[in-house]
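Undergrad: Output the structure for:
(one chain, ligands or ions: 3)
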Amino acid sequence: MWRRVALLSPMISSSSRSLPLNQAALGVKVGESFATDVNNPDERTLSPKEKAPFITFVLGGPGSGKGTQCEKIVETFGLQHLSAGDLLRREIALKNKNGAMILNLIKDGKIVPSEVTVKLIQKELESSDSCKFLIDGFPRTEENRVAFERIVGADPDVVLFFDCPEEEMVKRVLNRNQGRIDDNITTMKKRLKIFNALNRPVIDYYKNKGKLYTINAIGSVDDIFQHVLPIFNSFEQLKVSRHVNPKSPLGSILVENSS
Ligand SMILES: Nc1ncnc2c1ncn2[C@@H]1O[C@H](COP(=O)(O)OP(=O)(O)O)[C@@H](O)[C@H]1O
Ligand SMILES: O=c1ccn([C@@H]2O[C@H](COP(=O)(O)OP(=O)(O)O)[C@@H](O)[C@H]2O)c(=O)[nH]1
Ligand SMILES: [Mg+2]
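TA: Ligands and ions are numbered 1, 2, ... in the order given. Below you'll find the predicted structure:
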């Protein structure tokens, strides 16, 4: 078992984070911030790094344009894109251990057990050289959110929510044309119900934490991206201002920017 022992975002004051201070104070990169089980201290491979990961969760209903906007964010800001849905579909394609179970759940619009999804994401985080991640389509439920915190030991710095009316999401999904097994009206209706029942509480949670950026997802891809741009630009600027004045109240700037 891997155990996350520390995380500190360089862009946000520790007051806005939920980790205990003694952990947050260490500040290590996610790829190197995991240690093997405490029961095997000799196997620990903890080594501090200058840069901590910057994690963005990308939320929104099915068809709201999460994946499309992630591609644009990657092009402009160079974050690494981790789509939870793509990671799960890869397990199916590779016929891995949980592949059949995942396929049945996706076909039915249901949520894959948190442990499975979080471990797939964790593996990508650990093996990456990047320090900026876009985690797309996750967490889908409060249980997902808590499992990520518990297993990975990290909180997101930013949460984007692409807010799109249901009729538009249905239209987009039915025209997506990527051969996805869940892009049909029957599954879509179930997915919308699950989104409203299980994902909205996660969105509310991050709203209350002052981390949520709600983006109107109606309009052209480029128009929507114009609303995304300033969010990441402001974080780039925060990084610069932090070098100038390490004591700047980054936490309060975050709250001002949140919806
Ligand atoms: N702003 C937009 N206007 C019209 N169609 C869009 C827009 N953004 C994305 N799409 C299309 O809608 C479909 C769903 O987009 P996608 O990015 O896959 O959404 P999600 O990842 O939220 O399910 C895709 O076919 C995509 O090309
Ligand atoms: O964290 C996740 C992400 C996805 N899924 C499953 O994978 C499907 C497709 O997710 P994806 O994010 O690819 O769909 P999108 O919202 O982009 O249409 C979902 O309906 C779920 O069945 C899941 O169980 N947990
Ligand atoms: Mg998607």
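
Undergrad: Stretch 165-180: how far from the chain's middle?
TA: 22 Å (C-alpha atoms, centre = their mean, to the nearest Å).

Undergrad: go on, stretch 155-171?
TA: With C-alpha atoms, centre = their mean as the basis, stretch 155-171 stands 12 Å off its chain's centre.

Undergrad: Does ligand 3 have contacts with that stretch?
TA: No - on the criterion C-beta under 5 Å from the ion, stretch 155-171 is out of touch with ligand 3, staying 10.1 Å away. C-beta here means a position set from N, CA and C on the backbone, and glycine is covered the same way.

Undergrad: Ok, stretch 56-76 next?
TA: Yes - Stretch 56-76 reaches ligand 3 (C-beta under 5 Å from the ion) through Lys66, Gly67.

Undergrad: how much space between the closest residue to ligand 3 within the stretch 51-200 of the chain and Gly60?
TA: Closest approach of the stretch 51-200 of the chain to ligand 3 (C-beta to the ion) occurs at Gly67, with a separation of 3.5 Å. Separation of Gly67 from Gly60 (C-beta to C-beta, to the nearest Å): 10 Å.

Undergrad: neighbour-wise, which of these two wins?
TA: Per other C-beta atoms under 10 Å, whichever of Gly67 and Gly60 has more neighbours is Gly60, with 24 against 18.

Undergrad: got the residue ranges for the strands in the stretch 101-250 of the chain?
TA: Secondary structure of the stretch 101-250 of the chain (DSSP state E, counting those that start in this stretch): strands located at 132-136, 158-163, 212-216.

Undergrad: Let me have the ones you listed in JSON lines, adding mean pLDDT and distance to Thr117 as columns.
TA: Formatted as JSON lines, the strands of the stretch 101-250 of the chain follow (pLDDT from 0 to 100; distance: least, C-beta to C-beta, whole Å):
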{"stretch": "strand 132-136", "mean pLDDT": "97", "distance to Thr117": "10"}
{"stretch": "strand 158-163", "mean pLDDT": "98", "distance to Thr117": "17"}
{"stretch": "strand 212-216", "mean pLDDT": "98", "distance to Thr117": "21"}
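
Undergrad: so which of these comes closest to Ala197?
TA: Closest approach to Ala197 among the strands of the stretch 101-250 of the chain is made by strand 158-163 (16.2 Å; C-beta to C-beta).

Undergrad: lowest-pLDDT helix or strand in this protein?
TA: Lowest mean confidence among the helices and strands of the chain (mean pLDDT, DSSP states H and E): helix 21-24, at a mean of 26.

Undergrad: what about the closest residue to Phe225 other than its chain neighbours, neighbour count?
TA: Of all residues not flanking Phe225 in the chain, Lys72 sits nearest, at 4.8 Å (C-beta to C-beta, 6 or more residues apart in numbering). Neighbourhood size, Lys72 [other C-beta under 10 Å]: 16.

Undergrad: Pretty sure Lys72 sits against Asp223.
TA: No - taking C-beta atoms under 8 Å as the definition, Lys72 is not a contact partner of Asp223, at 11.5 Å.
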